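Chemist: Just need the structure, nothing else, for what follows:
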Amino acid sequence: MSKNFKYFVLIIPFFIAATIILHIFHWRSDPIMTWKFNTNYWLTVVLLPLDSRPPCTQFVEQLGQIAGIRVLLPQPELLDNYKTPANKKELRIWLKQVSPQADAAIISTDMLIHGSLLASRLSMGSTEDTNEVLDLLTVIHQESPHLKMYAFNIIPRLLIADNQENIAYQKNMLKYSIIKDQVYTFENTEDINTIHSLEKRLPANVIQHYTALYEKNTTLNLTLMNMVEQGMLAGLVIGQDDGQPFGIPNMNKQQLQHQLSQKPSLANKVFITRGTDEVAISLLGHIAIEYSNDHPKVFVMYSNHDAAQLIMPFMPHTVAKTVQEKIRIAGAVEVEMIDEADFILYVHVGTTNNQSTFSSSAEQIRNLLDQGYQVALVDLTESFQASETLLPVLLAQDVDIPKLIAYAGWNTTSNSIGTAVTQASIFTKALKKESNLTEVMAVYKENLEFLTARFLDDLYYQKEINPYINKQLQRRKIDPYHLQTAYYQTNVQVQKMMVSKGKHLLREGLRNSPITIRTDQGLEQIVITDLEIQTYLPWQRTFEIWIKPTLALTAIKKS
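Modeler: This is a model prediction of the structure:
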């Protein structure tokens, strides 16, 4: 791809988003006033993201708005663009320059060392890059001692990186990694023989590169843990990319967990978790809660008795374990009595076998909302099918979904749980800070817009539109992960389909559903009256979208 074409492709999405604002539906009303986004920031946080995708950048910025936190991001041209790594050297300069302006920083070491998450899977950063980044963090701490730096580093995923060199060996390397851990755990003779057989079939350099990737990663994680111990870093999250219950990544995680258990001073400062894309989101919640010293209380409910102990796709452990991790990282506290909680985390786990229970789950949520409980819904699916989600059932049964304080059902279990916990935590915290009508309305507007984005993206795009478009592209022999000249046409099709889904959502789920809010002037009711959407494909693939809903709200005095 030529350099000029690359920049042309980069400009297309932003041009489309700027010139095509999709006006969904309009219902005339006379709002009391116009509520603007919160600009009265009480905290400034620098974000050096994992990569340029919306969950790693836009989500954090939007959640910061709800919390009243200003999030400083690098200029888009410095960041990665799909398989093109970021400008690491310029990002390091940017981080050093902007740090004195902030109270805290969320820093992806994978971005600074390798240039993105995808680049880290290929270990594109050198030893020199690693040393420069560690030196940079030390210098920033010395020059801006007030700045609380929170780093996060990712244990590479179980599956070997996607490139032409590795593609032929992915299946056998996956098997090798899983059985290697099983041999380490059980010492089964049959497994040992299988390992020897695989070692004969796989090129030695492929095995060596794969194992070296984890060795380097563990060494870096131990160094970062020491920096927390020395006070240079305020905190560290070690995330684990896509995995299974067994594999070499799990062996490395266990080694780190053992080291962490020997250092009690690092409790609540260093966290090891399954998760990648949502780690910066969780850290934003952690920072907001740490600075305010107000730890939200969470009551956890599951849609059925089996849900907590299920191990979902790409996860090394149970749903309940992930819930516990994400609550702890955010700085929230799980409680056993529902009336003690600031909010309820309702975790739905849909499978092909439990769909007969969905209607009763929807009624349970309706009853909780009608009783005035704050409910955050995690909408998980075993097979990533719309038929396994709870949101369509809520709509069909006329449950007032705008009353939910958070919703997430995107990508993996850890992605969704981490996002919902953070959104609910910062929203309930923000409501405690604000009291007059204008301030409370601003918080609600920002939260409702993020909520609406999750409805549109997590259900309609990811589980309906994306699979449909991918099948269309594949019939035309176009790779959905390399759109190239099909980008523009695909992008327009996505926009048209999203506007249709937006009309449906506004009509069936959002419009005229009253929400009661508490202000210093008493109780008020608000309704959503209008919805606009801006959306585009941020990368040369269909896997994710950038989406920004804008809502019109009307406040009506409650009699």
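
Chemist: tell me the mean pLDDT over stretch 256-276?
Modeler: Averaging pLDDT along stretch 256-276 gives 95.

Chemist: likewise stretch 177-188?
Modeler: On average, stretch 177-188 scores 93.

Chemist: and it, C-alpha only, in CSV?
Modeler: C-alpha atoms of stretch 177-188 as CSV (Å, rounded to 0.1, in the frame of the first residue of the first chain):
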residue,chain,number,x,y,z
SER,A,177,0.8,-24.8,24.5
ILE,A,178,-2.3,-26.4,26.1
ILE,A,179,-0.6,-29.8,26.6
LYS,A,180,2.6,-28.2,27.9
ASP,A,181,0.6,-26.7,30.7
GLN,A,182,-1.2,-30.0,31.3
VAL,A,183,2.1,-31.9,31.5
TYR,A,184,3.3,-29.3,34.0
THR,A,185,0.2,-29.8,36.1
PHE,A,186,-0.6,-33.5,35.8
GLU,A,187,2.7,-35.1,34.5
ASN,A,188,0.6,-37.5,32.4
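
Chemist: Run a quick neighbour tally on the closest residue to A552 other than its chain neighbours.
Modeler: Nearest residue to A552 in three dimensions, chain neighbours excluded: D530, at 3.6 Å (C-beta to C-beta, 6 or more residues apart in numbering). C-beta: built from backbone N, CA, C; applies to glycine. D530 has 20 neighbours, counted by other C-beta atoms under 10 Å.

Chemist: got it, and A552?
Modeler: 17.

Chemist: Can you find which strand in this structure contains the most residues?
Modeler: Counting residues, the longest strand found in the chain (DSSP state E) is strand 522-536.

Chemist: Determine the set of other helices and strands touching the helix or strand following it.
Modeler: Downstream of strand 522-536, the first helix or strand assigned by DSSP states H and E is strand 546-557. Applying 3 or more C-beta pairs under 8 Å, 6 or more residues apart in numbering; DSSP states H and E, we find strand 546-557 packed against helix 3-19, helix 437-454, strand 522-536.

Chemist: now the longest strand of the chain: mean pLDDT?
Modeler: So the average pLDDT for strand 522-536 ends up being 94.

Chemist: Same check on stretch 340-347?
Modeler: 99.

Chemist: repeat for stretch 448-462
Modeler: 99.

Chemist: centre of the chain versus that stretch, how much separation?
Modeler: 13 Å (C-alpha atoms, centre = their mean, to the nearest Å).

Chemist: and after the least confident helix or strand in the chain by mean pLDDT, which helix or strand comes next?
Modeler: When the helices and strands of the chain are compared on mean pLDDT, DSSP states H and E, strand 22-26 comes out lowest with a mean of 41. Using DSSP H and E, the helix or strand that directly follows strand 22-26 along the chain is strand 43-48.

Chemist: What is that next one packed up against?
Modeler: helix 58-67, strand 69-72, helix 88-98, strand 104-108, helix 279-292.

Chemist: May I see those organised as JSON lines, with mean pLDDT and distance to K503 added?
Modeler: Converted to JSON lines, these look like this (pLDDT from 0 to 100; distance: least, C-beta to C-beta, whole Å):
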{"stretch": "helix 58-67", "mean pLDDT": "98", "distance to K503": "23"}
{"stretch": "strand 69-72", "mean pLDDT": "98", "distance to K503": "31"}
{"stretch": "helix 88-98", "mean pLDDT": "98", "distance to K503": "40"}
{"stretch": "strand 104-108", "mean pLDDT": "99", "distance to K503": "36"}
{"stretch": "helix 279-292", "mean pLDDT": "97", "distance to K503": "29"}
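
Chemist: For V494, find the nearest of the ones you listed.
Modeler: helix 58-67 (16.4 Å; C-beta to C-beta).

Chemist: Could you list every helix and strand that the closest one packs against?
Modeler: strand 43-48, strand 69-72, helix 279-292, helix 413-433, helix 437-454.

Chemist: Work out the gap between that helix and the centre of the chain.
Modeler: 12 Å.

Chemist: which residues touch that helix?
Modeler: With C-beta atoms under 8 Å, 6 or more residues apart in numbering as the test, helix 58-67 has contacts from 37-38, 43, 45, 47, 49, 70-71, 73, 106, 280-281, 284-285, 288, 419, 422-423, 426-427, 429-430, 443, 446-447, 449-450, 453, 546, 548.

Chemist: Just the buried residues of it, please?
Modeler: 58-67 (16 or more other C-beta atoms under 10 Å).

Chemist: can you tell me which residues contact L78?
Modeler: Contacts of L78 (C-beta under 8 Å, 6+ apart): 86-87, 90-91, 94.

Chemist: just those now: which is nearest L459?
Modeler: Using C-beta to C-beta, these come closest to L459 at A86, 31.0 Å.

Chemist: Spell out the secondary structure type for that closest one.
Modeler: coil (DSSP: H, G, I helix; E, B strand; the rest coil).

Chemist: isn't it right up against L117?
Modeler: No. Counting by C-beta atoms under 8 Å, A86 does not reach L117; the two are 10.6 Å apart.

Chemist: shared neighbours, those two?
Modeler: 51, 111.

Chemist: what's the pLDDT at the closest residue to A332 other than its chain neighbours?
Modeler: Leaving aside its chain neighbours, A332 sits nearest to P296 (4.4 Å; criterion: C-beta to C-beta, 6+ apart). We have a pLDDT of 98 for P296.

Chemist: which residues touch P296?
Modeler: Taking C-beta under 8 Å, 6+ apart, we find P296 in contact with 289, 330-333, 342-343, 424-425, 428-429.

Chemist: re the thing from before, so can I have JSON lines of the helices and strands packed on strand 43-48 showing distance to R511?
Modeler: Shown next, in JSON lines, are the helices and strands packed on strand 43-48 (distance: least, C-beta to C-beta, whole Å):
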{"stretch": "helix 58-67", "distance to R511": "22"}
{"stretch": "strand 69-72", "distance to R511": "30"}
{"stretch": "helix 88-98", "distance to R511": "41"}
{"stretch": "strand 104-108", "distance to R511": "36"}
{"stretch": "helix 279-292", "distance to R511": "29"}
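
Chemist: what about H482, how many neighbours?
Modeler: 12.

Chemist: how about low-confidence regions in this structure?
Modeler: 1-39, 557-559 (pLDDT under 70).

Chemist: Quick check: the residue sitting nearest the centre point of it vs P145, distance?
Modeler: With distances taken as C-alpha atoms, centre = their mean, the residue of the chain nearest its centroid is E278 (3.0 Å). From E278 across to P145, the span is 29 Å (C-beta to C-beta, to the nearest Å).

Chemist: The nearest residue to G115 once chain neighbours are set aside: what's it in contact with?
Modeler: Spatial nearest neighbour of G115, excluding adjacent residues (C-beta to C-beta, 6+ apart): P85 at 2.7 Å. Contact analysis of P85 by C-beta under 8 Å, 6+ apart lists 114-116, 118-119, 124.

Chemist: Please convert the buried members of these into PyMOL selection syntax.
Modeler: To isolate the buried subset of the contacts of P85 in PyMOL, counting by 16+ other C-beta under 10 Å, use the following:
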select buried, resi 114+115+116+118+119
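
Chemist: can I get the contacts of P85 in CSV with distance to V347 and secondary structure?
Modeler: Converted to CSV, the contacts of P85 look like this (distance: C-beta to C-beta, whole Å; DSSP: H, G, I helix; E, B strand; the rest coil):
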residue, distance to V347, secondary structure
H114, 33, coil
G115, 35, coil
S116, 31, coil
L118, 30, helix
A119, 33, helix
M124, 37, coil
